[in-house]
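[1] model this:
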Amino acid sequence: MNEYGVAMGNEAIYTKTFRENARVYKAGRAPELGLSGMDVVRLALERSETAQEAVNWVGKLAQKYGQFGSAVPGAGHDKGGYDNSYIVADADEAWVVETYEKHWAALKPSKGTWAISNEPSITTKWDHSDANLVSYAVKEGWWPADRANEFNAALAYVDFHTAAQLSHNRAMRYRQLLSEKTGSVDLEWFKRILRDHYEDTFLKGPQFNPTLPDFMTICMHSSPACFTWGNTASSAIFVLPSKGSGCLPTMWWCAGPPCNGIYVPVFVQGSKLPAFVENAGTAGKRVTAPNKAIKDKYSPDSYWWESRKLLDITKGDDIGSTWNIRHPVVRKVFDELEAKFAKELQPVEKEAANLMQGGDTEKAGLILNSFTEKCFVESLETVSALQQEIVRFGQPLFP
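    Sure thing, here's the model as predicted:
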């Protein structure tokens with residue numbers, strides 16, 4: 001999210017364009033490296049005051065630079081790269097943008113809700129695109145020329161060699177949960193969605209516990225079977241209030257899988273985060289190509305790693321044999337602390353908004369910095385206390 005209240009996020013999508021680039025790469029004819037989805041998010045937010053402007057930048061960047069190259073630490077360009085789907089929003093509107101190497105389509109949903117996952121979601125209707133979106137797919141043989149008037153972007157560009165189980169289950173679960181609250185989706189419901197493991201469905205969630213998953217769930221955990229991408233690294237919810245509402249754009253951020261974590265409010269009007277929040281582990285901060293990145297390891301000076309340590313203690317072992325005993329203790333404490341943060345935020349937000357309206361942005365920033373730091377300090381203290389507390393509940397089957 002940027003200082004204008006434009007928020008943006010990306011998901012990898014598996015496409016024929018990337019599959020073709022990977023094939024050429026494997027054959028020793030390396031394609032030109034392009035941008036990663038995270039590069040595009042950063043560049044678009046740096047240049048945009050509205051969601052519409054960010055959409056335009058996604059298209060420009062995709063067309064000029066394309067997308068090829070690893071975006072996954074430790075993975076080669078043919079394994080760690082992907083095309084991207086984006087959601088872009090400001091206080092007035094939201095967009096979905098999907099990119100297929102140097103081609104793209106953008107749709108502005110007119111009502112209801114939308115969710116993206118690891119598969120294209122724009123089909124037969126869109127509001128903007130590059131000029132060659134249809135003709136390129138026809139030229140490559142991915143769509144019949146005599147049916148160009150029926151063109152379906154997702155069907156033409158999706159890579160059918162990638163199993164839909166990697167994407168479709170999660171996409172449909174997002175959409176189901178959003179539809180249940182259409183018109184009244186709030187912060188608490190988003191937390192509920194992002195902590196989901198298919199509870200209350202015919203699947204009845206994972207057979208034993210969420211850290212021994214049966215499927216790709218929204219809140220993801222590493223699997224001994226190695227079919228997931230590991231634990232959710234972090235989770236964020238963006239609140240984008242309308243101008244004049246007296247509220248400020250806010251990011252609620254959670255380190256690690258949100259089912260076992262706590263959301264803390266962060267503001268773009270603030271100027272800094274506590275050092276222990278910014279700290280990585282042993283790898284530190286360095287500019288490294290993803291395919292050459294070294295693996296980070298635990299450091300007690302890192303909020304993220306302390307949260308990860310709590311997750312590991314809650315699980316007890318690789319199969320999570322103590323999860324069902326220890327996790328309810330963690331969740332109860334964190335729910336109470338999140339409610340406390342939300343209540344305390346209201347007067348702080350009002351004071352900062354009034355100061356900003358009066359032109360005193362510096363003082364407003366200091367107030368917001370102080371509140372965010374207080375929340376993170378309380379969170380870290382709670383994480384540390386829980387690490388000590390929950391070991392009393394249950395013993396791992398396989399220590």
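
[2] Go through the worst-scoring helix or strand of the chain on mean pLDDT and flag the buried ones.
    For the chain, scoring each helix and strand by mean pLDDT, DSSP states H and E identifies helix 77-80 as the least confident one, at a mean of 91. Neighbour counts over helix 77-80 (16 or more other C-beta atoms under 10 Å) mark 77-78, 80 as buried. The C-beta positions use only the backbone N, C-alpha and C, and glycine is treated the same way.

[3] Quick one: name whatever helix or strand follows the helix or strand where residue 333 lies.
    Secondary structure assignment for residue 333, by DSSP states H and E: helix 323-357. Heading C-terminal from helix 323-357, the first helix or strand you meet, by DSSP H and E, is helix 361-389.

[4] I'd like the average pLDDT over that following helix.
    What helix 361-389 shows for mean pLDDT is 97.

[5] Mind giving me the packing neighbours of it?
    In terms of contacts (3 or more C-beta pairs under 8 Å, 6 or more residues apart in numbering; DSSP states H and E), helix 361-389 is packed against strand 264-266, helix 275-278, helix 303-315, helix 323-357.

[6] What residues sit buried inside it?
    Across helix 361-389, burial judged by 16+ other C-beta under 10 Å covers 364-365, 367-369, 371-373, 375-376, 378-380, 382-383, 386-387.

[7] Quick one: distance of that helix to the chain centre.
    Centre-to-centre, helix 361-389 and its host chain are 22 Å apart (C-alpha atoms, centre = their mean, to the nearest Å).

[8] do the same with stretch 300-314
    In terms of C-alpha atoms, centre = their mean, the centre of stretch 300-314 is found 20 Å from the chain centre.

[9] CA atoms of it as CSV?
    Backbone C-alpha positions of stretch 300-314 (Å, rounded to 0.1, in the frame of the first residue of the first chain) are rendered in CSV as follows:
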residue,chain,number,x,y,z
PRO,A,300,16.0,-14.0,18.5
ASP,A,301,16.2,-10.4,17.3
SER,A,302,13.5,-11.0,14.6
TYR,A,303,9.7,-10.7,15.3
TRP,A,304,9.0,-12.9,12.3
TRP,A,305,11.3,-15.7,13.5
GLU,A,306,9.9,-15.5,17.1
SER,A,307,6.5,-15.9,15.5
ARG,A,308,7.8,-18.9,13.6
LYS,A,309,9.2,-20.3,16.8
LEU,A,310,5.8,-20.1,18.4
LEU,A,311,4.3,-22.0,15.4
ASP,A,312,6.9,-24.8,15.7
ILE,A,313,6.3,-25.1,19.5
THR,A,314,2.5,-25.2,19.0
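
[10] Can you show me the strands along the stretch 101-250 of the chain?
    Ranges of strands in the stretch 101-250 of the chain, per DSSP state E, counting those that start in this stretch, are 103-107, 128-129, 234-239, 250-255.

[11] With mean pLDDT and distance to residue 391 as extra columns, can I get the ones you listed in JSON lines?
    As requested, the strands of the stretch 101-250 of the chain are arranged in JSON lines below (pLDDT from 0 to 100; distance: least, C-beta to C-beta, whole Å):
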{"stretch": "strand 103-107", "mean pLDDT": "98", "distance to residue 391": "49"}
{"stretch": "strand 128-129", "mean pLDDT": "98", "distance to residue 391": "54"}
{"stretch": "strand 234-239", "mean pLDDT": "97", "distance to residue 391": "25"}
{"stretch": "strand 250-255", "mean pLDDT": "97", "distance to residue 391": "20"}
